[in-house]
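K.L.:
Next one to model:
(4 chains)
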2 protein chains.
Amino acid sequence: MELPEAKQKFIEAWGKLGSEWGINRTMAQVHALLLVTPGELTTEEIMESLSISRGNANMTLRDLMGWGLVEKLHKAGERKEYFFADKNTWNIARQVAKERRKRELEPVMKILDELVKVKGDSKDPEYATFNKSVTDINKMAKNVDKTLDTMLKAEENWFWGSIFKMFK
Amino acid sequence: MELPEAKQKFIEAWGKLGSEWGINRTMAQVHALLLVTPGELTTEEIMESLSISRGNANMTLRDLMGWGLVEKLHKAGERKEYFFADKNTWNIARQVAKERRKRELEPVMKILDELVKVKGDSKDPEYATFNKSVTDINKMAKNVDKTLDTMLKAEENWFWGSIFKMFK
DNA sequence: ATAAACTTTCAATAAGTTTTGAAAGTTTAA
DNA sequence: TTAAACTTTCAAAACTTATTGAAAGTTTAT
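P.N.:
Sure, this is the predicted structure:
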């Protein structure tokens, strides 16, 4: 397989995975493009390379910056803005984990905390079932949250090293 | 908060979380409904309870069974089919992890394995950048895969216990 | 065999999401 | 200032996904 075809495949695969995980396909593709590009790209080049409109490119880049996955660069004496992605895979994973925790896990945990407090007659199967499910899910959410917290602070080698020592 | 309202909130929250993670909202809601229901429900009751059509209920229940999260039950002397969810949170998490690994992680890993093999001139920044990103992501995918594998085989207490001992 | 009780299918439609592109806005150099 | 070079916005259109509901299919009891 030649390099340009391989890049194309990578961009497609990343886009598909993104869309299966609730991330807009184009956003994942722009990210993938920047990951396999040495240096920076202009909006123009991204539009061209992925055949997307100016508006789409602009919004997608904005979102990617909002996720902390892409940064802008101004070159001295140039009008254009250049974009590049942090290419450290562990940083990417942490950044995504951090954002999703904030945007999705935290709101759900807040609701679960409320629901765990709901009082009722524990002889009533309706109540007992509700309470058990909510309590169990709440515990799991807290475990996930703690683990993410550790991950966010961890160095990659230490993290996986610890995991595999444990699960040997 | 009263029980019916609390159930409603739980169903909504679960539906929202599902849709953010690439799982159809209705599917997550039906699952949530079954999680807070003692015993079983008929298609009719699910339709009624969530205000969805017969066709939608049927397909959603089929999907949930495909994910291994819900089972059918035939009661002796009755024509109707009854549905219930496994309420063990750890089983649910494992089941979801198992299916997503099969449906999403595995196909991507197959492509990454191909892309890692692509040859080129390592002096060429285009190639070097591509190769590094793909190789790094491939390694991370393999780490995730191994961890999931451990999780699938693990007992809940042991799993979290090990994780927290490590990350103390 | 028949019919009642139930389940499944799927074409049509609705709802939701993404993308476009032209117009408005901004910045910079001269 | 002005105008060129660039970025941002957003209403409309395209596309994607989810839902409906009626018709077809299946099962069971008689």
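
K.L.:
pLDDT on the longest helix anywhere in chain A, on average?
P.N.:
Ranked by residue count, the top helix of chain A under DSSP state H comes out as helix A:125-153. Per-residue pLDDT over helix A:125-153 has a mean of 97.

K.L.:
Now do the end-to-end distance for stretch A:69-84.
P.N.:
Taking Cα to Cα, to the nearest Å, the first and last residues of stretch A:69-84 lie 9 Å apart.

K.L.:
Which positions within that stretch qualify as buried?
P.N.:
A:69-70, A:82-84 (16 or more other Cβ atoms under 10 Å in any protein chain shown). Every C-beta, even on glycine, is put in place using the N, C-alpha and C of the backbone.

K.L.:
if we can go back for a sec, check whether the longest helix of chain A comes near chain B.
P.N.:
Yes. Legend: contact between helix A:125-153 and chain B by Cβ under 8 Å from any Cβ of the partner chain is shown at A:125-130, A:132-134, A:136-137, A:139-140, A:143, A:146-147, A:150.

K.L.:
For the next helix or strand after that helix, what does the pLDDT average out to?
P.N.:
Counting by DSSP states H and E, the element after helix A:125-153 in chain order, helix or strand, is helix A:156-166. Across helix A:156-166, the average pLDDT comes to 90.

K.L.:
how many degrees apart are helix A:156-166 and helix B:125-153 in direction?
P.N.:
30 degrees (axes from the mean of the first three to the mean of the last three Cα atoms, to 10 degrees).

K.L.:
List the buried residues for helix A:156-166?
P.N.:
Residues A:156, A:159-160, A:162-163, A:166 are the ones in helix A:156-166 that count as buried (16+ other Cβ under 10 Å).

K.L.:
between those residues, which is nearest A:K7?
P.N.:
Nearest to A:K7 among those, counting by Cβ to Cβ, is A:E156 at 24.8 Å.

K.L.:
got a list of what the nearest residue to the closest one once chain neighbours are set aside touches?
P.N.:
Once flanking residues are discounted, A:E156 sits nearest to A:W90: 3.9 Å by Cβ to Cβ, 6 or more residues apart in numbering or on different chains. A:W90 makes contact with A:155-156, B:140, according to Cβ atoms under 8 Å, 6 or more residues apart in numbering or on different chains.
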